[in-house]
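> With the sequence up front, the predicted model follows.
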Amino acid sequence: MERLTLVNLEGKFYSCKHCKTHLALCEDIVPKSFYCSNGKAYLFNKVVNVSAGEKEDRITITGMYIVADISCVGCGSTLGWKYETAHEESQKYKEGKCVLERSYFWQG
């Protein structure tokens, strides 16, 4: 099995609330309001130390997407999802970006 190397971020960052693994820089938040079934969430241009699950179709308030749930590589906790494909033209800016649910991370 390949050895996992975690990325450590510098500056202001967010980390997994369960194991403190670094996840994203504060500066990588896309300035829009996001909500999920568990409350507030944030869209990030880039995240690290996550693994993506199987791609699946998902319908949300803003349309139909192909997404993959993402988990912390440090502890396996589900953190949110990654937008693979947006079917609505107005939502294409989300493609390749990740949503982290606020209840699963904190600022490090």
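Cool, the structure landed. The structure presented is a predicted model; accordingly, all values stated were derived computationally and were not measured. Numbering: from 1, shown residues only.
> Give me the sheet partners of the lowest-mean-pLDDT helix or strand in the chain and which way each runs.
For the chain, the helix or strand with the lowest mean confidence is strand 34-36, at a mean of 76 (criterion: mean pLDDT, DSSP states H and E). Sheet pairing of strand 34-36 (DSSP bridges) gives strand 39-44 (antiparallel).
> pLDDT score assigned to the nearest residue in space to residue 11 that is not next to it in sequence?
Leaving aside its chain neighbours, residue 11 sits nearest to residue 25 (6.1 Å; criterion: CB to CB, 6 or more residues apart in numbering). All C-beta spots, glycine's among them, are computed from the backbone N, C-alpha and C. Note for residue 25: predicted pLDDT of 96.
> Could you tell me how far residue 25 is located from residue 9?
Residue 25 sits 6 Å away from residue 9, going by CB to CB, to the nearest Å.
> Test for you: state the pLDDT assigned to residue 4.
For residue 4, pLDDT reads 69.
> ditto for the one 10 residues further on
Residue 14 is assigned a predicted lDDT (pLDDT) of 96.
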